[in-house]
Each structure stands twice: as C-alpha cells, then as structure tokens.
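Peer 1: generate coordinates for the sequence data below:
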Amino acid sequence: MKTTQNIIKGLFLALVSVFQACTINEESIGDVTINPGGGNSGSDCIQLTGEITSDITLSSNNCYELVGGVSVLDGVTITIEAGTRIEAGQTTDGIYSYLLINQGATIMAEGTAAQPIVITSNQATPNPGDWGGLIIAGKAPINRGETATAEVANITYGGSEPADNSGVIRYMRLEYTGGRINADSEYNGLSLYGVGNGTTLEYIQTYLGNDDGIEFYGGTVDLKYAVSTGAQDDSFDWTDGWVGRGQFWVVQQTTLEGDKGIEADNLSSTPDAIPFSYPTLSNITLLGAEDGDGENKGIEFRAGTKVAAYNMIIKGFPGKGIEVDDDQTLINLNNGEVEVRNSIIDNVNSFDLDHGGNATADLADYSIYSNYTLDGSNDPFNNAGTAIPDDFSLVGFRGTYEANAIDPSTINSWFTSVNYVGAVSTANDWTQGWVRF
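Peer 2: Now for the predicted structure:
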C-alpha cells in the first residue's frame, strides 16, 4: 500500500485526455475489444449506503451506486448478477466509497466473459482514485497475531480457519480505485485481509488504480486468472503471512506512474514472523514501463518472504527484473525457500541481490533453476547466465515459451496443467472479451 506520493497528481489531470494513447507500454498491448460491461448507468442508479444487514441481490437490470462505506455484515450474503454495473465516488463530505465484505459475510459475484461485473467511477471523466476499492476480511491465519485490525474501517481480520469461505468472484473489473483512506494511505483495487482458501477468486482485473492492484494480507486464498493494468504503486502485493497459490497473472504498467510488478513481504516489522509468507506461483507475465524515475522493478522479494515461482516472464522494467532484499529473505534464499524456476527474465539487472554478500544460491544458474536471463546475476556471483533464445517473443502480453517450462500440476494439483512459460497463450486467450486494456 502506497504511503507517499511520488508524482504530482496535477500531471495526471493534464495527461488524462491522452492517457490510453500515450501511457501504456506498446509492447503490452494486443488487439482486444473493450467490453465496458455492466448494466445501465446514470442518475437513476440505486444507492447503497451504510450496513447491509440482510441478504441482498444486485440485478443486472439496474445500476447501483456505492455512497460512502458500504459494509456487508457477518452472516449476510450479497449476490451480484452477471453484467451488473456498480458506480462509486466520494460523498459530499469527501469520504471515498468502498465495498467491504466483513468476516463471516459472503459475496457471490459470478460474471461471465460476455457479461463481466464492473465496479467503476461515477465520474463522467474518470481518474485513478475516484473511489476506494473492494475489501474482503476473512478468518484465515495471519502472522500479526491471531487477529489484527486493518486501517480500513477498523475491521478485524485473521483467525484460525484456513478454509474460511468468503464466497465467489469471477469475471469482475475494478476500475479507477485508490481513493484516500487517510492522509498517508490509499485503497487498493482489491484488498484481501486474512481470506481463506474456501473462497474462489478467478478472472479479476484492476484497472487504473491509484495504489496497489491486488494485495494479500495473510490468509490462504488462491487467485487464478488476474490482470492488473496501470496500478500507480505495486500491481500485486503480499504481506502478513500469505500462503496461497496464484496462476495466470498479468501485469501491465503505464508510463504515468508505477512501482513494482510484485512487492512481496513477510512482515516488515518482524521479518521472521510465522507463518511466513510462502505462496506458490506459476504462469505469470509482468510487463513494466518507464514512468520517469528509472526504478520500477519486476519483483522485489523482501522483509523475510518465502516463495516458489515457476513459468514467469518479466520484461520492460527499467530498474531491475528481480531483487532479493533484506537479511531474512537472503537466509530463505540460501535455504532454498526463495525459488524462481523455469522462467524468462528478459530484463536489465535480471537478478539483483541487495546486500547479497552472503548469498549462496544463484538464481541465474540455468543448470539448477532453468531460467533464461538478459544479463544474469550481479554480486556476489556476477554470472552472465543463459541467454534468452532467439525464438522467444511476445505480442503484447500474449506469448509463451515451452523449452524450459514445467507443468505446474506436477507441483500441486490446484494448478491447471500447461506446458509453457507465461500467463496468456495465443491459443487460449482467457483475457478476451472482459479485460480492459
């Protein structure tokens, strides 16, 4: 979650009218038809406000508007039909609207590729940060204690139920999120606080948010088929002991503002807190852009995280491809608990070990990790690595490679069986129809 502003926001307003023409990295654009999604919109939207205390269904025949914080309480289910459009903004006293699924509440939001569910700005000329975001709080384990309190609405999250079920979300777009929580912080597009793996999250896009795209705060929830476009901080983020799984993720940065494709922490205040953040990921494509500071990174593993990552493509970040930072993270690397395998790091500074003098595991060693790299690894290894094959290419965000891939279903049966590196195969483009670029 972003806590400082790096770019003067007035610059954004000056550029917004030409945003899509000039700020998206052309390498990461393909020919897709934008499906605006959702039902009717306009001044006749049905307003939702305050606490939802009994089951409710939002119909695609109507438009809805979030007014201020809207909280679904424990024991209550909100059902959102395919094709439903929900708008959001600020209240007259400047409170940014958000939708909160509390512990014990359920969201059933099952869109389709032809009829995605869209939660978006209520402004005629929308901008990043027009409203808050979608927040889900669950009862799965975290590492800040048995439970913790989030800065959003003082919600409680965490617990001792790994299989906690907060519902189903499929084919949903969250647009123009990132309004302010307070003077120092903004909402993410989708915030997952201690969410359990009984929850189903598939086919979700965050689009032009003012902070992170999707962030995991502990929990065990899995995420498959996810896109983060134009996040002005980190596209994906985890902390607080997240131990879920992820497959088929796409990051597309813009030249306006951004930071990392993935920012990965265990716990910044206590890097050896348990349970450690230790997700397993496969089939990830991260496409960076230069936003003017030269520092954007594909991934930063830090603050003691662990990870097992396979079949990734990282390209176009001006700063670094992958950085491993902080003492505990380096201990985990040496213990074989920070792994990047079967990947293509087509990026300057492919593998960077910040303060890595004691590192003994070289992720650029193809004989061990099967990674192709643009320029290998830096100190202490200074290994040029194994060059990226000439027949590897991307068309926008689409493109895969088979020679060094691993079938992730052999690692864990949750993963879809595929034989390629990268997130989107031209033969099976799961972004068609519902994703906005």
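Peer 1: rest of the way, CA atoms for contacts and neighbours
Peer 2: Noted.
Peer 1: roughly how far does residue 374 sit from residue 386?
Peer 2: Distance, residue 374 to residue 386, by C-alpha to C-alpha, to the nearest Å: 8 Å.
Peer 1: the two: which is more packed in?
Peer 2: It is residue 374, of residue 374 and residue 386, that has more neighbours when counted by other C-alpha atoms under 10 Å, with 21 against 18.
Peer 1: need the pLDDT of that one.
Peer 2: What the model reports as pLDDT for residue 374 is 97.
Peer 1: what sits against it?
Peer 2: 345, 346, 347, 348, 349, 350, 385, 386, 387, 388 (C-alpha atoms under 8 Å, 6 or more residues apart in numbering).
Peer 1: would you mind listing which of those residues are buried?
Peer 2: Neighbour counting by 16 or more other C-alpha atoms under 10 Å classes 345, 346, 347, 348, 349, 350, 385, 386, 387, 388 among the contacts of residue 374 as buried.
Peer 1: could you count how many residues lie near residue 266?
Peer 2: Neighbours of residue 266 (other C-alpha under 10 Å): 30.
Peer 1: which ones are touching the residue lying closest to it once chain neighbours are set aside?
Peer 2: Spatially, and ignoring its direct neighbours in sequence, residue 266 is nearest to residue 305 (4.3 Å; C-alpha to C-alpha, 6 or more residues apart in numbering). Residues counted as contacts of residue 305 (C-alpha under 8 Å, 6+ apart) are 239, 264-267, 271, 276-278, 328-329, 332, 338.
Peer 1: now those as JSON lines including secondary structure and pLDDT?
Peer 2: Shown next, in JSON lines, are the contacts of residue 305 (DSSP: H, G, I helix; E, B strand; the rest coil; pLDDT from 0 to 100):
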{"residue": "239", "secondary structure": "strand", "pLDDT": "98"}
{"residue": "264", "secondary structure": "strand", "pLDDT": "98"}
{"residue": "265", "secondary structure": "coil", "pLDDT": "98"}
{"residue": "266", "secondary structure": "coil", "pLDDT": "98"}
{"residue": "267", "secondary structure": "coil", "pLDDT": "98"}
{"residue": "271", "secondary structure": "coil", "pLDDT": "98"}
{"residue": "276", "secondary structure": "coil", "pLDDT": "98"}
{"residue": "277", "secondary structure": "coil", "pLDDT": "99"}
{"residue": "278", "secondary structure": "coil", "pLDDT": "99"}
{"residue": "328", "secondary structure": "helix", "pLDDT": "96"}
{"residue": "329", "secondary structure": "helix", "pLDDT": "97"}
{"residue": "332", "secondary structure": "helix", "pLDDT": "97"}
{"residue": "338", "secondary structure": "strand", "pLDDT": "98"}
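Peer 1: CSV for the residues you listed, including distance to residue 80?
Peer 2: Converted to CSV, the contacts of residue 305 look like this (distance: C-alpha to C-alpha, whole Å):
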residue, distance to residue 80
239, 29
264, 31
265, 33
266, 33
267, 34
271, 39
276, 34
277, 31
278, 32
328, 43
329, 41
332, 42
338, 39
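Peer 1: which of these lies closest to residue 380?
Peer 2: Checking those against residue 380 by C-alpha to C-alpha gives residue 329 as the nearest, at 15.8 Å.
Peer 1: ok, that closest one - contacts?
Peer 2: Residue 329 sits next to 301, 302, 303, 304, 305, 306, 338 when contact means C-alpha under 8 Å, 6+ apart.
Peer 1: filter these down to the ones in strands?
Peer 2: Residues of the contacts of residue 329 located in strands (DSSP state E): 301, 338.
Peer 1: and the contacts of residue 329 as JSON lines, adding distance to residue 214?
Peer 2: As requested, these are exported to JSON lines (distance: C-alpha to C-alpha, whole Å):
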{"residue": "301", "distance to residue 214": "16"}
{"residue": "302", "distance to residue 214": "18"}
{"residue": "303", "distance to residue 214": "19"}
{"residue": "304", "distance to residue 214": "20"}
{"residue": "305", "distance to residue 214": "17"}
{"residue": "306", "distance to residue 214": "19"}
{"residue": "338", "distance to residue 214": "21"}
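Peer 1: most neighbours, which of the contacts of residue 329?
Peer 2: With neighbours taken as other C-alpha under 10 Å, the top of those is residue 305, carrying 34 neighbours.
Peer 1: mind checking pLDDT for that one?
Peer 2: We have a pLDDT of 98 for residue 305.
Peer 1: before we move on, what about residue 5?
Peer 2: With respect to pLDDT, residue 5 scores 38.
Peer 1: tell me the mean pLDDT over the strand or helix carrying residue 171?
Peer 2: Using DSSP states H and E, residue 171 sits in strand 167-175. Here strand 167-175 scores 98 as its mean pLDDT.
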